[in-house]
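A.B. asks: Provided below are the primary sequence and the corresponding predicted coordinates.
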Amino acid sequence: MTIHRFAHADAASLQEVVAALDETCLPLGGGTDLVAMMKAGLMAPERLVNLKTLPDHHGVRPGDGGWRIGALMTLADLAADPAVAEAPALASLVEAVLDSASPQLRTMATLGGNLLQRPRCWYFRNPEVPCWRKGGRRCFAFRGENKYHTLLGGGPCYAPHPSDPAVALLALGAAVRLSGPAGDRTLALDDFYVTPTRDAQRADGYHPVTVLAPDEVLVEVLIPGSAANARSAYVKLMERGVWDFALVSVAVNLALSDAGQVAAARVALGGVAAVPWRATEAEEALLGGSLTPEAIDRAAEAVVAGTRPLEHNAYKVDQLKAALRQALRRWTAD
C-alpha cells in the first residue's frame, strides 16, 4: 500500500489561507469529500491548510435585505439556525440540507465543501479508470453503466453534480464570494459552476468543477432578499429512503401575486446535469399564470425540454416531471 505524506497547518486568518493555496496546497474544511478522495488515491496534495481554525465564516448574518452564510458553517448548524429555519423563502434550502447527507456527515460537512464536492460517478471515483474528468480521453459512462448519469448538457463528461444545497441556492438566486490574492470577487451561482469543455483541463489533469482558482477560497454564500410572499420548495427522489444522492431533484422558488398568479419563478434541477441546472423553460411556462392542474402539467412537460437520456437513465425523465409536480403542489395544498 502506498502511503502519501503531506504537511498540515492551521490557519489563523484568511490572508494566511490565500497565501498558502496553490496547485500543491488545498484547503481543508470538514474534509468529508477531500479526505475520501485522498484515501482513494484520487488526490495527493503536498499540503493542507485547515480552515476550521479561522475565527469567522461559521454563521449566518443579515446582508442587503437577504442572508450571508459563512462557507465554513456545517450543514447541521445551517439547518438549525433560526434565521434560516424560520424564513419561509428558505424552506427549500433547509430541505436540501437535511436531504444532503446522513446526520453524522452533516455535523462535519461544511456548506462551502458541499458546493465544491466532486462528482460521485463510479468511473471517476475508481482510481484505476482514466476517465475524461481526470484527464483521460473519454467518458466511460457514455456507453457504460449510466443509470445515475446526466440528461442535460451533453458531454464530454456525463457525471451529475452531487450537491443538494447548490440546487436550492441556484433557485434562490444565490451568489458566492471568493477571496484570493487580488482581493474578493462575487459571482452568481449561475456563473460559478463549470460545464465540461475540452479546453479547460487543469495542470493536474482534472477538469474543474467551478471557476474557483487554485489560490482562491470560497468565503460565503449570499442569498438575496425575497418578496414578502415568496416561498420555496425542494423535492429529491432517491433510490434509498434513508439517504442517498439524488436520482433527480427539483428546487422551486415562487412569488405569487395577490390574485394567485406567478409573478416570479426560478426552477433548478439536480442529478441530471454536470452542474446545478436552471430549468428556464419551466420558469417561462409558470410565469403569469395560476397554479392550476393544467398549468402544473405544462410546466412538467417544459421541465424535460432538451433532455437526452442515455441508454440506462430514461426513467429520470418521468421522475423530473413527477418531482416538479410534487414541488408545485405545495402551493395548491395551502
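C.D. replies: Everything's here; your move.

A.B. asks: what does the helix or strand of the chain with the lowest mean pLDDT contact?
C.D. replies: Ranked by mean pLDDT, DSSP states H and E, the weakest helix or strand in the chain is strand 60-63, scoring a mean of 87. Residues outside strand 60-63 that contact it (CB atoms under 8 Å, 6 or more residues apart in numbering) are 67-70, 73, 78, 81, 83-84, 222. C-beta: built from backbone N, CA, C; applies to glycine.

A.B. asks: C-alpha coordinates for that strand, CSV please?
C.D. replies: Taking Å, rounded to 0.1, in the frame of the first residue of the first chain, the C-alpha atoms of strand 60-63 are listed here in CSV:
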residue,chain,number,x,y,z
VAL,A,60,-25.5,33.4,9.3
ARG,A,61,-25.9,37.2,9.3
PRO,A,62,-28.2,39.6,7.5
GLY,A,63,-27.0,41.4,4.4
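
A.B. asks: partners of it in the sheet?
C.D. replies: Strand 60-63 has the following sheet partners, assigned by DSSP bridges: strand 66-70 (antiparallel).

A.B. asks: Need phi/psi at the closest residue to residue 4 other than its chain neighbours.
C.D. replies: Nearest residue to residue 4 in three dimensions, chain neighbours excluded: residue 44, at 5.1 Å (CB to CB, 6 or more residues apart in numbering). With angles defined as degrees, to the nearest 10, residue 44 sits at phi -140, psi 70.

A.B. asks: Just give me the neighbour total for residue 44.
C.D. replies: Neighbour count of residue 44, defined by other CB atoms under 10 Å: 13.

A.B. asks: Same question for residue 8.
C.D. replies: Applying other CB under 10 Å, we find 9 residues neighbouring residue 8.

A.B. asks: neighbours of the closest residue in space to it that isn't next to it in sequence, just the number please.
C.D. replies: Distances taken as CB to CB, 6+ apart put residue 48 closest to residue 8, at 5.0 Å, once the chain neighbours are dropped. By other CB under 10 Å, 19 other residues sit near residue 48.

A.B. asks: Residue 48 touches residue 26, doesn't it?
C.D. replies: Yes: assessed by CB atoms under 8 Å, residue 48 is found in contact with residue 26 at 5.8 Å.

A.B. asks: which residues are common contacts for these two?
C.D. replies: residue 34.

A.B. asks: Do you have the strands of the stretch 1-150 of the chain handy? List them.
C.D. replies: For the stretch 1-150 of the chain, the strands defined by DSSP state E, counting those that start in this stretch cover 7-10, 25-28, 47-50, 60-63, 66-70.

A.B. asks: mean confidence for the last one?
C.D. replies: Okay, so that is strand 66-70. On average, the pLDDT along strand 66-70 is 94.

A.B. asks: Spell out which residues sit in contact with residue 279, please.
C.D. replies: Shown in contact with residue 279 (CB under 8 Å, 6+ apart): 250, 267-269, 302-303, 324.

A.B. asks: repeat that with 6 Å
C.D. replies: By CB atoms under 6 Å, 6 or more residues apart in numbering, the contact set of residue 279 is 267, 269, 303.
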